[in-house]
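S.K.: my questions concern the predicted model and sequence given below.
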Amino acid sequence: MNFQIELEKKVSEIETIIQSFLPKEEGFAATMAQAMNYSMRAGGKRLRPLFLMETCRLFQGEERLAAPFAAAIEMIHTHSLIHDDLPAIDNDDYRRGRLTTHKAFGEAMGILGGDALLNYAYETMFRAFDIAPGEEKVIRAMRLLASKTGIDGMLGGQSVDVENDGKPLDKDMLDYIYEHKTSALIEAAMMAGAVLAGAGEEQISLVEKAAGNIGLAFQIKDDILDVTSTEEELGKPVGSDEKNHKITYVTLFGTRQAAEKVEMLSREAIELLDSLEQKNEFLSLLVEYLIRRRK
Ligand code: GRG
């Protein structure tokens, strides 16, 4: 398999899915729809929808049921980026290679557009019932996304992160922040893919463990890129952790040890996936690719 060609093909499929679920820019609230779509259409790696679709494929699930969830998880993720960039949080001007939403549309529309995108994610997930009315798997996947996004997941992690900004952190608290702020959404993506495909409980638990590792590795790699990459490559400012006096895996352990941790967590995730009876070569190659990603 030529991974790079396969990746481009799959990302392009995701773009088509996302496009088909975006709100129409019309009526009195057209500006809000534009603010929502502005960042959704700005690209990004589309990793969470990829993980969702590929885990669904791993268990031979129905892709048309997974499609609204793939779009929805990217909406949740994009909402978190829009709000994270706001003046009250990181106050960043660039994201995904263009001005942040609040810079392009004003702060109020950045807040409202981010809120609306989070809400729209649930409106989009509900559309899976148009295909499969009352389907248990859809209910369970929605429940999963809701809990992994809220106080026990992404938002919980972000709140601890914000509360401790600039303060000394130990590894336990840093792990809590990373496992919630970053890993939880990747767990939600992969677990929802497994649930929608009808995977068994043991398989879902294994997927959660692998996704937890992938998420943690992804966040540590993000810390490394913040000190080793460039703004052009990343499409967002570099050196922001230092600017915000943030404790990261790099500040605690140094770049080399952080990179070893990324490698170790990713290898463990691949081993877990390899232990399944079902196979998806692309999924393992994707985890491998993220170890060495440059953006
Ligand atoms: C709701 C304000 C708020 C925050 C929730 C996810 C999050 C917490 C904040 C976003 C900022 C951030 C640094 C999150 C950590 C996860 C991470 C590295 C996100 C960037 O994801 P990529 O690299 O982005 O997949 P693209 O643009 O490629 O989709």
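M.R.: That came through fine. Computed from a predicted model, the values in this text were never measured in an experiment. Numbering: from 1, shown residues only.
S.K.: from here on, contacts and neighbour counts on C-alpha atoms
M.R.: OK.
S.K.: what does the stretch 151-295 of the chain put close to the ligand?
M.R.: 154-155, 158, 181-182, 219, 222 (Cα under 6 Å from any ligand atom).
S.K.: in ChimeraX, select just the buried ones from these.
M.R.: To isolate the buried members of these in ChimeraX, using 16 or more other Cα atoms under 10 Å:
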select :154,155,158,181,182,219,222
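S.K.: what's the most distant pair in the residues of the stretch 151-295 of the chain next to the ligand?
M.R.: Largest separation among those by Cα to Cα: 155 and 222, giving 18.4 Å.
S.K.: ok, residues contacting stretch 221-233?
M.R.: Outside stretch 221-233, the residues within contact range by Cα atoms under 8 Å, 6 or more residues apart in numbering are 97, 237-241, 248-250, 255, 258-259, 262, 291, 294-295.
S.K.: which of the residues you listed sits closest to residue 201?
M.R.: Nearest to residue 201 among the contacts of stretch 221-233, with distances taken as Cα to Cα, is residue 262, at 27.2 Å.
S.K.: pull out the buried residues from the helix or strand of the chain with the lowest mean pLDDT.
M.R.: The helix or strand of the chain with the poorest confidence is helix 240-243; it has a mean of 82 (mean pLDDT, DSSP states H and E). In terms of neighbour count (16+ other Cα under 10 Å), helix 240-243 has its buried residues at residue 241.
S.K.: show me what it packs onto, helices and strands only.
M.R.: Under the contact definition 3 or more Cα pairs under 8 Å, 6 or more residues apart in numbering; DSSP states H and E, helix 240-243 sits against helix 201-228.
S.K.: buried set for the helix it packs on?
M.R.: Buried residues in helix 201-228 (16+ other Cα under 10 Å): 203-204, 206-226.
S.K.: before we move on, back to that, in helices only, show me the residues of the stretch 151-295 of the chain next to the ligand.
M.R.: 154-155, 158, 219, 222 (DSSP state H).
S.K.: dump those residues to TSV, plus pLDDT.
M.R.: Listed next are those as TSV, based on pLDDT from 0 to 100:
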residue	pLDDT
154	98
155	98
158	97
219	97
222	96
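S.K.: list the contacts for residue 23?
M.R.: Listed by Cα under 8 Å, 6+ apart, the contact partners of residue 23 are 33, 37.
S.K.: in a strand, that's where it is, yeah?
M.R.: No - using DSSP: H, G, I helix; E, B strand; the rest coil, the assignment for residue 23 is coil, not a strand.
S.K.: if we ignore the residues flanking it in sequence, what's nearest residue 122?
M.R.: Of all residues not flanking residue 122 in the chain, residue 72 sits nearest, at 6.9 Å (Cα to Cα, 6 or more residues apart in numbering).
S.K.: for that neighbour, give me its contacts.
M.R.: Applying Cα under 8 Å, 6+ apart, we find residue 72 in contact with 120-122, 124-125.
S.K.: so which of those are also by the ligand?
M.R.: Counting by Cα under 6 Å from any ligand atom, no member of these reaches the ligand.
S.K.: what about these, which are in helices?
M.R.: Members of the contacts of residue 72 lying in helices (criterion: DSSP H): 120-122, 124-125.
S.K.: looking at those, which is nearest the ligand?
M.R.: Comparing those against the ligand with Cα to the nearest ligand atom places residue 121 closest, at 13.5 Å.
S.K.: isn't the closest one up against residue 77?
M.R.: No - counting by Cα atoms under 8 Å, residue 121 sits too far from residue 77 to count as a contact (9.7 Å).
S.K.: how many neighbours does residue 146 have?
M.R.: Neighbour count of residue 146, defined by other Cα atoms under 10 Å: 18.
S.K.: give me the pLDDT value at it.
M.R.: Note on residue 146: pLDDT of 98.
S.K.: so how far is residue 41 from it?
M.R.: Noted for residue 146: a distance of 23 Å to residue 41, by Cα to Cα, to the nearest Å.
S.K.: now swap in residue 275 and tell me
M.R.: Residue 275 is 37 Å from residue 41, where distance means Cα to Cα.
S.K.: what's the answer for residue 173, then?
M.R.: The gap separating residue 173 from residue 41 is 34 Å, by Cα to Cα.
S.K.: now residue 228
M.R.: Per Cα to Cα, residue 228 is found 27 Å from residue 41.
S.K.: can you check residue 193 too?
M.R.: 23 Å.
S.K.: so these two - more neighbours on which side?
M.R.: The residue with more neighbours, out of residue 193 and residue 41, is residue 193; 35 against 14, by other Cα under 10 Å.
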